[in-house]
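Peer 1: following is a predicted model, sequence given first.
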Amino acid sequence: MNHKDPKTTMIYVESLIQVIRNQRVIVDADLAKLYGVATKRLNEQVKRNLNRFPTDFMFQLSSIEKEEVVANCDHLKALKFSKALPQVFTEHGVLMAANVLNSPKEAEMSVFVAWPPETTSRGRRLPVPVFLN
């Protein structure tokens, strides 16, 4: 991904957004990749700063939700073999994660990780809900 081209970056970020529990979210593995850190490191930083991540910023997927995400997202097939249930981050959680991480790429990406609008005047396709609870 070319981080220098804002249009390419925004298209890439939009492709990572999923709708789960009626909320637009990004899975922890995708967010870690965006910020250039290991998923484990992202989750460690979140645990250390848990008071900054209320439930409307982040939540953990259920095992059924995890199976659904893995089935619908080819790039997340490695999650199938993970024992841990992934965390997902809402718009506010994505921005808070940028605040708790200390990586050079995070500083660069925080400029681009502005949540795309749900609707656009040009009819841009929105993420299709994976499932709704």
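Peer 2: Looks like it came in fine.

Peer 1: how about the strands in this structure?
Peer 2: Assigned by DSSP state E, the strands in the chain fall at 18-20, 23-27, 58-60, 87-89, 129-131.

Peer 1: ok, the residue most central in space within the chain - contacts?
Peer 2: To find the centre residue of the chain, average its C-alpha atoms and take the closest one (C-alpha atoms, centre = their mean): that gives Ile26, at 2.0 Å. With contacts defined as C-beta atoms under 8 Å, 6 or more residues apart in numbering, Ile26 is in contact with Leu16, Ile17, Gln18, Leu34, Val88, Phe89, Val94. The C-beta positions use only the backbone N, C-alpha and C, and glycine is treated the same way.

Peer 1: swap in 10 Å and give it another go.
Peer 2: Neighbouring residues of Ile26 by C-beta atoms under 10 Å, 6 or more residues apart in numbering: 13, 16-18, 32-34, 87-91, 93-94, 97, 113, 115.

Peer 1: returning to what we had before: highest mean neighbour count out of the strands of the chain?
Peer 2: Each of the strands of the chain was scored by mean neighbour count; the highest is strand 87-89, a mean of 24, by mean count of other C-beta atoms under 10 Å.

Peer 1: what strands line up against that strand, and which way round?
Peer 2: Strand 87-89 has the following sheet partners, assigned by DSSP bridges: strand 23-27 (antiparallel), strand 58-60 (antiparallel).

Peer 1: reformat those strands as JSON lines; add distance to Val46.
Peer 2: JSON lines is the format used below for the strands paired with strand 87-89 (distance: least, C-beta to C-beta, whole Å):
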{"stretch": "strand 23-27", "distance to Val46": "13"}
{"stretch": "strand 58-60", "distance to Val46": "7"}
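
Peer 1: if I look at Asp74, how far off is Arg48?
Peer 2: For Asp74, the distance to Arg48 under the criterion C-beta to C-beta, to the nearest Å works out to 32 Å.
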